[in-house]
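Enquirer: I would like to see how this sequence folds:
(one chain, ligands or ions: 3)
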Amino acid sequence: MNSFRNSAGLMRRVLIVEDEPINREMLGNIIQQDYEVSYAEDGRQALDMLQAKDKKFSLILLDLLMPKMDGMTFLDRIRTDEELRSIPVIVVTSEEDAEVECIRRGAVDFIRKPYDMPEVILARCRRIVELSEDKAVIRSAERDTLTGLYTKDFFYEYIRQMEHYNSRRDMDAVVINVERFHLINESYGRQGGNAVLQRISELITEQLNSCVGIACRVEADTFFIYWDHRDDYETLVPEMQNGLDHSDIARTRIRVGVYKDVDKADIEEIWFDHAKTACDRVRGNYTHQLAMYDLMLHKRTLYQERLIRDIDGAIRNRDLVVFYQPKYMIRGDRPVLCSAEALIRWKHPELGMISPGDFVPLFESNGLIQKLDEYVWREAAAQIRKWREKYNRTIPVSVNVSRIDIYDPMLEEKLEELLERHQLSPEEIMLEITESAYADNAQCLIEVVERLRERGFKIEMDDFGSGYSSLNMITTIPIDVLKMDMKFIRNMEKDEKSMKLVELVLDIAKFLKVPVVAEGVETQSQLDKLKERGCDIIQGYFFSKPVPPEEFEVFIQNELNRNT
Ligand code: C2E
Ligand code: MG
Ligand code: MG
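Expert: Ligands and ions are numbered 1, 2, ... in the order given. Presented below is the predicted three-dimensional model:
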């Protein structure tokens, strides 16, 4: 490619700003073999041409002494313009003294009058244009166009350079993430989302102005910062949150993870993994938005890594077992066993019994939950079939469907295949979806739930009232059963207000015409109060903890004995 044509094959354009017609012409003649040339007679006219933006210039050749607006003033003016300042300016002058002043004002080179060496002038123009374009290419690759912060690769590259020259400095790795950013995009549009990200990068840049450090943006709504070690995060984070709250954009909450005084023996990526781990600790936490990476967290991370490593083996060796907790219908004279919930247990050969609270959220965060849930569904389906054959009656079993499963395009096929294999009907295997999943992406969830219901599956909304759904959402989402969150039951006898909440949930269910399951019922008195108020089904330690299938058979047998 010809150096004076751009990548589209067009000739680059040069603006000559000069009041003397003879000088204009001479200069034009020299460079017009390589460039398309435009002319302005003074600074004022040149500014007008540049601001009209109908032509893009690669270079400006500027005289100093001109009427209306002189060269120096012109230099000052374009330096304050975000776009124009990137066009390189070569000053044409006969005054040697002016050179220092011109450099100070942003000129990049000089051409001496008279123009007695055309070859040299042309070569200079070419070199300056090339340099300035290379700079622009590098800048566009190293900077994120939206925020002006570094891109991830360059960020790590510059950290390595900083470390090369200054490896003894104590530094912190910081990760900032926007809580539920997708909701901001959904509610305020991309522009609203972008404004939030720009504001955050401004707040970061403000901080960077007073310390040594750099920052970048990764994966849409995450920022990495590497800067001097500091101890004021407890005040800094609220300060930044304040800066966001006072800007004229969507309500946003940031969460921040800090790995202080990074261990230089590790590689840079590990530092930010640690900071990110800390940041994830406060995901969805509305009282804390800052977390530090410390020894406790380090141990936890190691433990979690172990679980991730061991999951495949656990499925193979059947260390994962499904327990069943009975649900009793309490509408009649005596409670009647009506179904069960399948709950996973991990009997780890070295770590002992691990409860789902320790691994379900972890596997939800990395997608492994799908594998685990499918295992539970397979086990539960086989169990339903076994009981049907043994007792000649169906005990429907509810399985938990994680929010991650909802996004699996094969979800329905997988469930149908299970039914087919064990010759079950869809009402025999019920699907519990936790309320918080409804808040993630309500539209997608509604569609999936509708399709599942069309195929005959029954949907139970789990943990209802745990704080995510709005009344509006409840009325638009099709469900078959409402499972009241356990905390209502725990508190209902403690104060009047909690009892009122239980009544409210029961009213909502009545309005929706769906039965309510009360989870976590532990006492006769809780059961009586719920029954009095019209609750339909009870699940809880009052009847039984979740038990292995053999033990569950005692409940089935009891039920059968009563009926005979
Ligand atoms: P969940 O689906 O709301 O399950 C009910 C939890 O309440 C179970 O805890 C159960 O053992 C416990 N529970 C039942 N009755 C009582 C009671 O009277 N008192 C008390 N204190 N607790 C009671 P578990 O088995 O530890 O499970 C915790 C959560 O883990 C479940 O909440 C569910 O969200 C998740 N989980 C369990 N198994 C699976 C699974 O196979 N897949 C998925 N995706 N999540 C699962
Ligand atoms: Mg459940
Ligand atoms: Mg529940």
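
Enquirer: could you give me the buried positions within the biggest strand by length in the chain?
Expert: Among all segments of the chain classified by DSSP state E, the strand with the greatest residue count is strand 336-348. Across strand 336-348, burial judged by 16 or more other Cβ atoms under 10 Å covers 337-344, 346, 348. Every C-beta, even on glycine, is put in place using the N, C-alpha and C of the backbone.

Enquirer: quick one: K483 is in a helix?
Expert: No: checked against DSSP: H, G, I helix; E, B strand; the rest coil, K483 lies outside a helix; its state is strand.

Enquirer: which neighbouring elements make contact with the longest strand of the chain?
Expert: Judged by 3 or more Cβ pairs under 8 Å, 6 or more residues apart in numbering; DSSP states H and E, the packing partners of strand 336-348 are helix 295-316, strand 320-329, strand 352-354, helix 356-366, helix 369-391, strand 397-401, strand 537-539, helix 549-563.

Enquirer: apply 7 Å and report the result again.
Expert: Counting by 3 or more Cβ pairs under 7 Å, 6 or more residues apart in numbering; DSSP states H and E, the packing neighbours recorded for strand 336-348 are strand 320-329, strand 352-354, helix 356-366, helix 369-391, strand 397-401, helix 549-563.

Enquirer: report whether that strand contacts ligand 1.
Expert: Yes: Strand 336-348 is in contact with ligand 1 by Cβ under 6 Å from any ligand atom, via 343-344.

Enquirer: so does that strand get close to ligand 3?
Expert: No: using Cβ under 5 Å from the ion, strand 336-348 never reaches ligand 3; the gap is at least 8.2 Å.

Enquirer: and V554, how far from ligand 1?
Expert: 17 Å (Cβ to the nearest ligand atom, to the nearest Å).

Enquirer: contacts only, for that residue.
Expert: Listed by Cβ atoms under 7 Å, 6 or more residues apart in numbering, the contact set of V554 is empty.

Enquirer: in the stretch 201-350 of the chain, what residue is nearest ligand 3?
Expert: In the stretch 201-350 of the chain, the residue that lies nearest ligand 3 is E341 (8.2 Å; Cβ to the ion).

Enquirer: residues near the nearest residue to A340 once chain neighbours are set aside, how many?
Expert: Of all residues not flanking A340 in the chain, Y324 sits nearest, at 4.3 Å (Cβ to Cβ, 6 or more residues apart in numbering). Y324 is flanked by 25 other residues according to other Cβ atoms under 10 Å.

Enquirer: surely V322 is in contact with R378?
Expert: No: using Cβ atoms under 7 Å, V322 makes no contact with R378, being 9.4 Å away.

Enquirer: out of the two, which sits in the busier spot?
Expert: V322 (21 against 17).

Enquirer: ok, the closest residue to the more buried one other than its chain neighbours to ligand 1 distance?
Expert: Excluding the flanking residues, the one nearest V322 by Cβ to Cβ, 6+ apart is E379, at 4.5 Å. Distance of E379 to ligand 1, computed by Cβ to the nearest ligand atom: 9 Å.

Enquirer: how about V137?
Expert: 48 Å.

Enquirer: what is the one helix or strand C279 maps to packed up against?
Expert: Assigned by DSSP states H and E, C279 belongs to helix 268-281. Counting contacts by 3+ Cβ pairs under 7 Å, 6+ apart, helix 268-281 is packed against helix 152-165, strand 171-178, strand 254-259, strand 290-292, helix 295-316.

Enquirer: what residues sit buried inside the last one?
Expert: Within helix 295-316, the residues scored as buried using 16+ other Cβ under 10 Å are 297, 304, 307, 310-311, 314.

Enquirer: same check on stretch 485-503?
Expert: 485-489, 492, 498-499, 501-502.

Enquirer: stretch 435-444 now?
Expert: Under 16+ other Cβ under 10 Å, the buried positions of stretch 435-444 are 435, 437-442.
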